[in-house]
Every structure is written in C-alpha cells, then in structure tokens.
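Novice: starting from these lines, generate the structure:
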Amino acid sequence: MALVRKGSRRIVVDGTVYRWRLRGRPTYFQGLAWSPCTFAVEHADTPGRTLVVTTEQLHPSNWIGGEAKPVLPSYVAAAVRLALREGWTPTAQGSAFHLSPASQSGPDEGHFASSR
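Specialist: This next block holds a predicted model:
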C-alpha cells in the first residue's frame, strides 16, 4: 500500500527521509468521533511496508465539533522511531505495520504499542 503523494508531508527522522499523510477528510466513524484519527508513514525513496499509526485523539475534521489536537511532526517522528525499534522495515515489501497508543498519557515514544 503506497501513500498518495498529494497531501503527504516530508519528515526527516534520524537522517532518513519519510513521507507521512493524515487523511484530509475523516472516515464515517472518525467523523462521528467513534474511532480515532490515524496517519500513515512510508520511506520517501523506497516505499515498502507502510506504517499505520492510530492516535488517541479525534480527527481534526470530525463532524460533531469534538476537540481535536493537530498531529505534530514530533508525534510522527516518535512513532517512526518506536516502529523501527519494534521491527518495522520501511523498505521491505509486506503488509502494513500497525502502531497504536498503549495509554492515555500522551504522544511520546513510551505510549505506543505495536501489532504486527
């Protein structure tokens, strides 16, 4: 699964260039605040396995006016670092690597759990 280039943002994490994208329009469940916001990350030069990160927050464009925080590049970088430690190989072929929050505390590296 490759990311659509339109709307993706470039980020450099520990000297490696990645692209990440937050879906512009929420899914039906995200719009109603029934499911959290997600974003995807892939290696910029050699896309392979996509990292899919589920956050603890609402999608910024939810329809019910629920309070949502923006997904910051620092959050994306923390997720990439953790996913790499957990075994994500962004240039290898294969299914998506999923990462989700393990607690309600915040967006730092210690607050994610991976599922392969």
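
Novice: is it true that Leu82 lies in a helix?
Specialist: Yes. Judged by DSSP: H, G, I helix; E, B strand; the rest coil, Leu82 forms part of a helix.

Novice: count the neighbours of it for me.
Specialist: Using other Cβ atoms under 10 Å, Leu82 has 20 neighbouring residues. Where C-beta positions appear, they are placed from N, C-alpha and C, glycine not excepted.

Novice: could you do Ser35 as well?
Specialist: 15.

Novice: and what of Trp63?
Specialist: Residues near Trp63, counting by other Cβ under 10 Å: 12.

Novice: ok, the residue nearest to it when sequence neighbours are not counted - contacts?
Specialist: Leaving out its chain neighbours, the residue that sits closest to Trp63 by Cβ to Cβ, 6 or more residues apart in numbering is Gly31, at 4.3 Å. Contact analysis of Gly31 by Cβ atoms under 8 Å, 6 or more residues apart in numbering lists His59, Ser61, Asn62, Trp63, Ile64.

Novice: any idea how far Gly31 is from Thr91?
Specialist: Distance check for Gly31 against Thr91: by Cβ to Cβ, to the nearest Å, it reads 34 Å.

Novice: partner residues bridging Leu22?
Specialist: Phe39 (DSSP bridges).

Novice: you'd agree it is up against Phe39?
Specialist: Yes. Between Leu22 and Phe39 there is a contact under Cβ atoms under 8 Å: 4.4 Å.

Novice: remind me which residues of the chain are low pLDDT?
Specialist: Flagging of the chain using pLDDT under 70 yields the residue ranges 1-2, 102-116.

Novice: let's see it at 90
Specialist: 1-8, 23-26, 30, 47, 56, 60-61, 65-70, 100-116 (pLDDT under 90).

Novice: what's near enough to touch the closest residue to Asn62 other than its chain neighbours?
Specialist: Distances taken as Cβ to Cβ, 6+ apart place Ala33 nearest to Asn62, at 5.1 Å, with adjacent residues excluded. For Ala33, the contacting residues are Leu58, His59, Asn62, Ile64, Gly66, by Cβ under 8 Å, 6+ apart.

Novice: try Pro26
Specialist: Going by Cβ under 8 Å, 6+ apart, Pro26 touches Cys37, His59, Ser61, Asn62, Trp63.
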